[in-house]
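Asks: give me a 3D structure for the following:
(4 chains)
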There are 2 protein chains.
Amino acid sequence: MIRTPSIRGTTGFALAKVCKSHRVNVATILAEVGLHVGQDMLLAELWEQDGLRGGELAVRLNVEPPTVTKMLRRLQTCGLVERRQNPDDARSFRVHLTDKGRALRDPVAHCWQRAEEKTLASLNPKERQTLHGLLTKIRGDFAPGSTGE
Amino acid sequence: MIRTPSIRGTTGFALAKVCKSHRVNVATILAEVGLHVGQDMLLAELWEQDGLRGGELAVRLNVEPPTVTKMLRRLQTCGLVERRQNPDDARSFRVHLTDKGRALRDPVAHCWQRAEEKTLASLNPKERQTLHGLLTKIRGDFAPGSTGE
DNA sequence: TAGAATTACTTAGCCGGCTAATTAATATCC
DNA sequence: GGATATTAATTAGCCGGCTAAGTAATTCTA
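Replies: Sure thing, here's the model as predicted:
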């Protein structure tokens, strides 16, 4: 029997739709602090660990190097990050947050909380925890029981 | 108390990361049939219901009208869709699949199955069902042509 | 050690997205 | 009916993404 897959109605489709919705929510709220969606993710890596190389950022963000090149140029123009020479390797460079970039951490965190609340509005706390656990399991990450910090 | 939200480790962050990963998976596999990621979603709406207006596509895809304009121009150039005049309203138009566009349905469905398998590789069937249920519940908030907000 | 391969990043150009401003057609109101 | 508002779609320009191709520095290798 030839089971024509229904496309819509697959888990991947639902995931894509939820992702899109969440991205719109984040973008809308993030505009209030003057950031474009995507830039927050790069800054988040630097808030976690300052001074990463460009290539390391690409790997952690799961994007290609040219994407990092362009994003850094704009973030640098905005005065949020700066590049410093890497004494160990003249090919690469290290990206450091400016004071202005560091100052955005809490406002952006607040944006994310609001966007998350909007995206997950229809789930109760237990469902949210289940979802969180499944997502972290997909990521191959850990902390399945830890409720944030 | 001074609980500085950790940004990373939130459900929204995990969702964004999983979304990104899945999008990369879809993009990679979708390239085999000559589509860019995003075009599959537009075609999926037409596979579901042919002859939608441009604005209806924008609403269903949760994107802005200019995005639809550009995507349609490219899909039209590729010979996948065609525009037809709307006799009821000369401002708008209706988008119809070509035979070539219709023929992509099953190949794309297969791409999605593969991408989904890759994205959800670490989940067992029961976990996948749970995830599917949660995503569907989230979508229930804004999917059924509701007022959205 | 000189040349070849590899690595790290940039450039150019495209596509999916967005906002702001514009155009054309329809609907509304005086 | 004519002026006005509203709606549907487009254009222009930007940002986040990509691939392909190029450049410069490092490493490998003969």
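Asks: can you pull the contacts of A:Asn86?
Replies: Neighbouring residues of A:Asn86 by C-beta atoms under 8 Å, 6 or more residues apart in numbering or on different chains: A:Arg53, A:Ser92, A:Phe93, A:Arg94. C-beta here means a position set from N, CA and C on the backbone, and glycine is covered the same way.
Asks: distance to chain B added to those, as JSON lines?
Replies: Converted to JSON lines, the contacts of A:Asn86 look like this (distance: C-beta to the nearest C-beta, whole Å):
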{"residue": "A:Arg53", "distance to chain B": "19"}
{"residue": "A:Ser92", "distance to chain B": "23"}
{"residue": "A:Phe93", "distance to chain B": "24"}
{"residue": "A:Arg94", "distance to chain B": "20"}
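Asks: tabulate the residues you listed (JSON lines), appending distance to B:Gln49.
Replies: JSON lines is the format used below for the contacts of A:Asn86 (distance: C-beta to C-beta, whole Å):
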{"residue": "A:Arg53", "distance to B:Gln49": "48"}
{"residue": "A:Ser92", "distance to B:Gln49": "51"}
{"residue": "A:Phe93", "distance to B:Gln49": "50"}
{"residue": "A:Arg94", "distance to B:Gln49": "52"}
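Asks: can you tell me which helix or strand the most centrally placed residue in chain A belongs to?
Replies: Centrality entry for chain A: nearest residue to the mean C-alpha point is A:Met41, 3.2 Å, by C-alpha atoms, centre = their mean. A:Met41 belongs to helix A:39-48 when elements are defined using DSSP states H and E.
Asks: so for that helix, mean pLDDT?
Replies: Across helix A:39-48, the average pLDDT comes to 98.
Asks: thinking again about what came up before, of the contacts of A:Asn86, buried ones?
Replies: Buried by 16 or more other C-beta atoms under 10 Å in any protein chain shown: A:Arg53, A:Phe93, A:Arg94, out of the contacts of A:Asn86.
Asks: quick one: the second one and A:Arg84 touch, right?
Replies: I take that to be A:Phe93. Yes. A:Phe93 is within contact range of A:Arg84, at 6.4 Å (criterion: C-beta atoms under 8 Å).
Asks: what about chain A, any weak spots by pLDDT?
Replies: A:1-5, A:141-149 (pLDDT under 70).
Asks: show me where it has its strands.
Replies: With DSSP state E applied, chain A shows strands at A:52-53, A:81-85, A:93-97, listed in chain order.
Asks: can you add distance to B:Leu120 and give those strands back as TSV?
Replies: Compiled in TSV, the strands of chain A are given as follows (distance: least, C-beta to C-beta, whole Å):
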stretch	distance to B:Leu120
strand A:52-53	29
strand A:81-85	35
strand A:93-97	33
